[in-house]
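Enquirer: what's the 3D shape of this:
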Amino acid sequence: MKRSTSNYMVYGETGVTPISIDIEEKIVNFWTRISSNNNNNNNNNNNKQSCLIYHKINNTCMCQNLNDSTLKAKYPWYFVLKSIFINCWLFEIWRTHNYPNAKWLKLSIKQKLRDIFINEWFSSIENSNKGLFYRIF
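Expert: Numbers count the residues shown, from 1 in each chain. I've put the predicted structure just below:
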């Protein structure tokens, strides 16, 4: 394809989703392993360095009630994780760390991220002058 081919046309023809969706899914999968308030987590994980660091950052952010710009500057991974939950309309799960099980959460996030992408894809096609011919066919 030419370099001038729009991304939405490439995604539409190949049927793939952007790699950013896979990355966001992996971020949430990692979060489910290090957030220990769920019954499915192994208690041995609570002593891992990643779990201890996450809980320290989480407690700091919750206690200080940091705004998004400060949060993004100080803890970029935490900010991205919070944004994923907000974009997927699952902020309450983010806030409380309470969800039925990790498998449900992973599947739910995966589906919501894909739905968001598809909606944005349709919007890109509808709002693009280049996409007129593409929309017809």
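Enquirer: For the protein, give me the ranges with low pLDDT.
Expert: Within the chain, the set of residues satisfying pLDDT under 70 comprises 36-46.
Enquirer: need the helices for it, in chain order.
Expert: For the chain, the helices defined by DSSP state H occupy 7-14, 19-34, 49-64, 68-74, 76-87, 91-96, 102-127, 131-136.
Enquirer: Could you find the closest non-adjacent residue to the residue nearest the centre of the chain?
Expert: In the chain, the residue lying closest to the centroid (C-alpha atoms, centre = their mean) is Ile84, at 3.4 Å. Leaving aside its chain neighbours, Ile84 sits nearest to Glu24 (5.2 Å; criterion: C-beta to C-beta, 6 or more residues apart in numbering). Any C-beta I mention is one placed from the backbone N, CA and C, and that applies to glycine too.
Enquirer: could the helices of the chain go into a markdown table alongside distance to Met1?
Expert: What follows is the helices of the chain, written out as a markdown table (distance: least, C-beta to C-beta, whole Å):
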| stretch | distance to Met1 |
| --- | --- |
| helix 7-14 | 7 |
| helix 19-34 | 17 |
| helix 49-64 | 40 |
| helix 68-74 | 34 |
| helix 76-87 | 29 |
| helix 91-96 | 38 |
| helix 102-127 | 16 |
| helix 131-136 | 13 |
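Enquirer: Lovely, talk soon.
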